[in-house]
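Engineer: generate a structure from the sequence data that follows.
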Amino acid sequence: MKFETIVIEQSGALATIIINRPKKLNALPEKVFSELKTFFAGN
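Structural biologist: As a prediction, the model looks like this:
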């Protein structure tokens, strides 16, 4: 799945989640939390 504000790198059972909003200093708006929730609901 492709996200706008996070990057997921998976290697086996390990997932690295990167907040990808450098222009906004990686602030955490509701969109980031929504995408994280979607990711974790699918795994």
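Engineer: pretty sure residue 31 sits in a helix.
Structural biologist: Yes: assessed with DSSP: H, G, I helix; E, B strand; the rest coil, residue 31 lies in a helix.
Engineer: burial measure for it, as a count.
Structural biologist: By other CB atoms under 10 Å, 13 other residues sit near residue 31. Yep, even glycine has a C-beta here, placed from its N, CA and C like the rest.
Engineer: gap between it and residue 12?
Structural biologist: Residue 31 sits 28 Å away from residue 12, going by CB to CB, to the nearest Å.
Engineer: please name the bridge partners of the residue nearest the centre of the chain.
Structural biologist: Geometric centre of the chain, nearest residue: residue 6, 3.0 Å, by CA atoms, centre = their mean. Applying DSSP bridges to residue 6 gives these bridge partners: residue 19.
Engineer: quick check, it in contact with residue 37.
Structural biologist: No: counting by CB atoms under 8 Å, residue 6 stays clear of residue 37, with 10.9 Å between them.
Engineer: next one, pLDDT for the residue nearest to the centre of the chain please.
Structural biologist: Listed pLDDT for residue 6 reads 94.
Engineer: for it, give me its contacts.
Structural biologist: Contact analysis of residue 6 by CB atoms under 8 Å, 6 or more residues apart in numbering lists 17-20, 32, 35-36, 39.
Engineer: repeat that for 7 Å
Structural biologist: By CB atoms under 7 Å, 6 or more residues apart in numbering, the contact set of residue 6 is 17-20, 32, 35-36.
Engineer: residue 19: neighbour count?
Structural biologist: Neighbours around residue 19, by other CB under 10 Å: 16.
Engineer: identify the residues contacting it.
Structural biologist: Going by CB under 7 Å, 6+ apart, residue 19 touches 5-6, 26, 28, 32.
Engineer: among the residues you listed, which ones are buried?
Structural biologist: 5-6, 32 (16 or more other CB atoms under 10 Å).
Engineer: find the nearest non-adjacent residue to residue 9, please.
Structural biologist: Spatially, and ignoring its direct neighbours in sequence, residue 9 is nearest to residue 16 (4.5 Å; CB to CB, 6 or more residues apart in numbering).
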